[in-house]
Each structure stands twice: as structure tokens, then as C-alpha cells.
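Student: Quick one: sequence plus predicted model below, questions after.
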Amino acid sequence: MSGIEWRFMAFDELTAAQLYAVLRLRSEVFVVEQACLFQDMDGADAQALHVLGSTQGALVAYARCFAAGVKFPEASIGRIVTAPSVRGSGAGHALVEQAIACLSRQWGAQAIRIGAQARLESFYGQHGFENTGRPYLEDGIAHLEMLRV
């Protein structure tokens, strides 16, 4: 998707307004839209590199990236989310590509593990992630671990 401005920031580089936009988008989608009560602010944001995608100043895509050993033995991407207003436009695919590129630039090309919602297996499969066969339930939603080597 064209028209998205991408930024890659450490936690302490985020402004209060950017952090508010991130937490609002995550809450809008993960808590309200998906009707899932969970502790989004899990203490890991300070260890992440944050991928922010904005159009006309509004945050529409977000993910956080972790070095190997933080969330999984491999590098990882999490909290992958797009605003409802950009769904179907390719923004989600662009976000995953940006997150993979961010990890590679920061820590070098390596395997990446994600905890994906099971319903999105084919979406992540388009980016080289493969189901490792370890399904699990997280906050009442079926997930599976996927690995991209």
C-alpha cells in the first residue's frame, strides 16, 4: 500500500502522543473489536523496536519487534495491527514487510518467530512464516507459533 509513512522507534523515542496513538489502536482492535479482555501493556514495550505506519498524521498500522531471546529464542514480531479504515488495502502486508525489514536492519537476517492468531495462518504464510504445530489458547483466542527462517 502506498501513502503510508513508516517510522521505526525505540520506546524512549516515542512521544506521548505517539504512545497514546499506539495504545489506542491496540485497544481499539485487540480489546474492543475482538472482545478480548487482556493486559495489553505487558511490560515488554520498553524492550521493543516499534514500527508505526501513518497516513495524514493518523496511526493506521503498528507492530513491535524484539531481538532474539526477549519473547522467543528467535527474533520476534508482535502486536501486529492495522486500523479498520485501511483493511483490505494491503496495509497489513506492508506492515509485516516493514517489520521483517526492521528486524533485519537492527539485528541482521535471522529466523523470526511469531505467536499468530490461528485465523491468520494463511496471511502470515504469504510472508514465509510456517506453522510449527504448536497451537495454544491465549486470552480465549486460538493462536499458533509460526516460524520464518
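Tutor: Nice, thanks for sending it over.

Student: now for the helix or strand bottoming out on mean pLDDT in the chain, which elements pack on it?
Tutor: The least trusted helix or strand in the chain, going by mean pLDDT, DSSP states H and E, turns out to be strand 130-138, with a mean of 90. Secondary-structure packing of strand 130-138 (3 or more CB pairs under 8 Å, 6 or more residues apart in numbering; DSSP states H and E): strand 112-117, strand 141-148. Backbone N, C-alpha and C define where each C-beta goes, glycine included.

Student: ok, which stretches of this protein are helices?
Tutor: Secondary structure of the chain (DSSP state H): helices located at 16-26, 91-107, 121-125.

Student: pLDDT below threshold where in this protein?
Tutor: Within the chain, the stretches with pLDDT under 70 are 1-2.

Student: switch the cut-off to 80
Tutor: 1-2, 35-40, 134 (pLDDT under 80).

Student: In contact with the residue most central in space within the chain, which residues?
Tutor: Centroid-nearest residue in the chain: residue 80, 2.3 Å away (criterion: CA atoms, centre = their mean). By CB atoms under 8 Å, 6 or more residues apart in numbering, the residues touching residue 80 are 62, 63, 92, 95, 96, 99, 114.

Student: so the second one sits right up against residue 82, yeah?
Tutor: I take that to be residue 63. No: under the criterion of CB atoms under 8 Å, residue 63 is not in contact with residue 82, lying 9.5 Å apart.
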